[in-house]
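Enquirer: let me see the structure of the following:
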Amino acid sequence: MEYQKKHEARQTLPGHAVFNRELKTKSEDILEIITKYKGAGDGKPPTPEKLKSLLTEKWKAIPIDEIMTFFKFFKIFVEDSKNGVRLTDKGKPIAPGTIRAYEVSKNFFEKYNNQAKTKMTFDTIDMAFYTNFKKYAIKEKQSTNYIGKHIKTLKSVLRYAENHFNIAVNQTYNKKIFTTIKEDADTIYLPEHELKDIANLDLSDSPSLDRVRDLFLIGCYTGLRYSDLSTLRPEHINGNMITIKAQKTGETVVIPVHNMVKQIMQKYNGNLPPALAPQKANEAIKKVCEKATSLKKLVSVSGTKAGKLKVTTLPKHKLVTTHTARRSFATNQHFNKVPALDIMKITGHKTESAFMKYIKITSDDSAQTMQEIWDRKELEPVKQIAI
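Expert: Residues are numbered from 1 along each chain as shown. Model (predicted):
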């Protein structure tokens, strides 16, 4: 048996993961002490009695209640997600972006814990904690969705501790009232005519902005996340199809090559424009869009931050990010009458209701669609209405 060869507890033993991890740590301690003892003396190992004495001195310095604290386990949770020990429910590796979100949440919880009267332990994460944490996050000007992401990560950590390490945790996190709060994002998309305005900009005096614009447009006509756009290569394109494995989900997506994508690739001799780091790309695409007249119009967006609903009115170009490309793709293809299920194969949405929340249909869009339907109806012959 494999566990016998490794001298580990078998997986059927409750708490085997914690036990094996501690066993490994203790083994490393023993080897370290023997090595140091041999190096400091005549090269001979310590006697069993001496080894026992040295180990007792080393291990008694570690309080029992510090062997597995909540934050020590949080670190294990992140590391296991990084190295492939912890996988998604579908057995796939955790995406790099998700791991970064775990680390952000860990830092924020540590910041909260430093000022909290009741420190975070597996036993104290209850409704009182939930209420106090939300109050703290609101005071720190966190948005509703960011607070929700922290809570979602926390629930994942507790579930992993309970299910995979047999650690006793406060069961409050499983109650409906311990909810992952969320509100629909009020974001923008760029309709076809605005994309054409961006495409027609003369950026010859700024090659860097030119490249950012071109990669952004590829995103608008493929629906790829920026993380996938950054890794897109000519070898992913076979004939009129792009085939690439999405970094976030691990799913393989197949996308037809739009004419705009073909034109941009011809511009780069069959290659694709290089990608900037996400933050720099977001800054650059705003500068690009600022040059488009149609994106100077004012738009209002709303969201809850610091516990208050805030409505912000800005020129549209200030709200454009790299993710706007993906949302624009989904929304424009919806207006182009592409079946929702076909778009979802590319965007990765699992349900049509989630997809409909993702795309951005404004009141103007709805009114315009209704007007077009009425105009078509008026062209049809109708019978005289009897009065």
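Enquirer: let me see the ranges of the strands in the chain.
Expert: Listed in chain order, the strands of the chain (DSSP state E) span 237-238, 241-245, 252-256, 298-305, 308-315.
Enquirer: tell me the angle the third one makes with strand 241-245.
Expert: Just to be clear, that refers to strand 252-256. 160 degrees (axes from the mean of the first three to the mean of the last three CA atoms, to 10 degrees).
Enquirer: show me what counts as buried in strand 252-256.
Expert: The neighbour-count check on strand 252-256 (16 or more other CB atoms under 10 Å) flags 253, 255 as buried. Placement of C-beta: from N, CA and C, glycine included.
Enquirer: for Asn145, find the nearest of the strands of the chain.
Expert: Asn145 lies closest to strand 298-305 among the strands of the chain, at 7.9 Å (CB to CB).
Enquirer: what average pLDDT does the closest one get?
Expert: For strand 298-305, mean pLDDT is 73.
Enquirer: do you know how far the closest residue in space to Ala128 that isn't next to it in sequence is from Ser105?
Expert: Spatial nearest neighbour of Ala128, excluding adjacent residues (CB to CB, 6 or more residues apart in numbering): Thr118 at 7.2 Å. Counting by CB to CB, to the nearest Å, the gap from Thr118 to Ser105 is 19 Å.
Enquirer: who has more neighbours out of the two?
Expert: Higher neighbour count among Thr118 and Ser105: Ser105, with 21 against 12, using other CB atoms under 10 Å.
Enquirer: gap between that one and Gln115?
Expert: On the measure of CB to CB, Ser105 and Gln115 end up 17 Å apart.
Enquirer: before we move on, what about Asn269?
Expert: 56 Å.
Enquirer: what's the answer for Ser143, then?
Expert: 20 Å.
Enquirer: with Pro93 instead?
Expert: Taking CB to CB, one finds Pro93 at 35 Å from Gln115.
Enquirer: more neighbours, those two?
Expert: The neighbour count for Pro93 versus Gln115, taken as other CB under 10 Å, is higher for Pro93 (16 against 7).
Enquirer: quick check: domain ranges of the protein?
Expert: For the chain, the structural domains run 2-66, 70-174, 192-373, going by automatic domain parsing.
Enquirer: contacts for stretch 253-260 next, please.
Expert: Under the criterion CB atoms under 8 Å, 6 or more residues apart in numbering, residues 199, 217-218, 220-224, 237, 239-246, 345-346, 348 lie in contact with stretch 253-260.
Enquirer: how far off centre is that stretch?
Expert: 24 Å (CA atoms, centre = their mean, to the nearest Å).
Enquirer: check stretch 253-264 too.
Expert: 25 Å.
Enquirer: ditto for stretch 224-234
Expert: Chain-centre distance of stretch 224-234: 16 Å, with CA atoms, centre = their mean.
Enquirer: restricting to C-alpha, output stretch 330-350 in PDB.
Expert: Output in PDB follows, covering the C-alpha atoms of stretch 330-350 (Å, rounded to 0.1, in the frame of the first residue of the first chain):
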ATOM      1  CA  ALA A 330     -22.000  38.900 -25.000                       C
ATOM      2  CA  THR A 331     -24.500  41.900 -25.200                       C
ATOM      3  CA  ASN A 332     -23.900  42.600 -28.900                       C
ATOM      4  CA  GLN A 333     -24.200  39.000 -29.900                       C
ATOM      5  CA  HIS A 334     -27.500  38.900 -28.000                       C
ATOM      6  CA  PHE A 335     -28.700  41.900 -30.000                       C
ATOM      7  CA  ASN A 336     -27.500  40.100 -33.200                       C
ATOM      8  CA  LYS A 337     -30.000  37.400 -32.300                       C
ATOM      9  CA  VAL A 338     -27.400  34.700 -31.700                       C
ATOM     10  CA  PRO A 339     -29.100  32.100 -29.400                       C
ATOM     11  CA  ALA A 340     -28.200  32.600 -25.800                       C
ATOM     12  CA  LEU A 341     -27.000  29.000 -25.400                       C
ATOM     13  CA  ASP A 342     -24.500  29.500 -28.200                       C
ATOM     14  CA  ILE A 343     -23.100  32.600 -26.500                       C
ATOM     15  CA  MET A 344     -23.000  30.900 -23.200                       C
ATOM     16  CA  LYS A 345     -20.800  28.200 -24.600                       C
ATOM     17  CA  ILE A 346     -18.200  30.900 -25.100                       C
ATOM     18  CA  THR A 347     -18.800  33.000 -22.000                       C
ATOM     19  CA  GLY A 348     -19.100  29.900 -19.700                       C
ATOM     20  CA  HIS A 349     -22.400  30.900 -18.100                       C
ATOM     21  CA  LYS A 350     -24.200  27.800 -16.800                       C
END
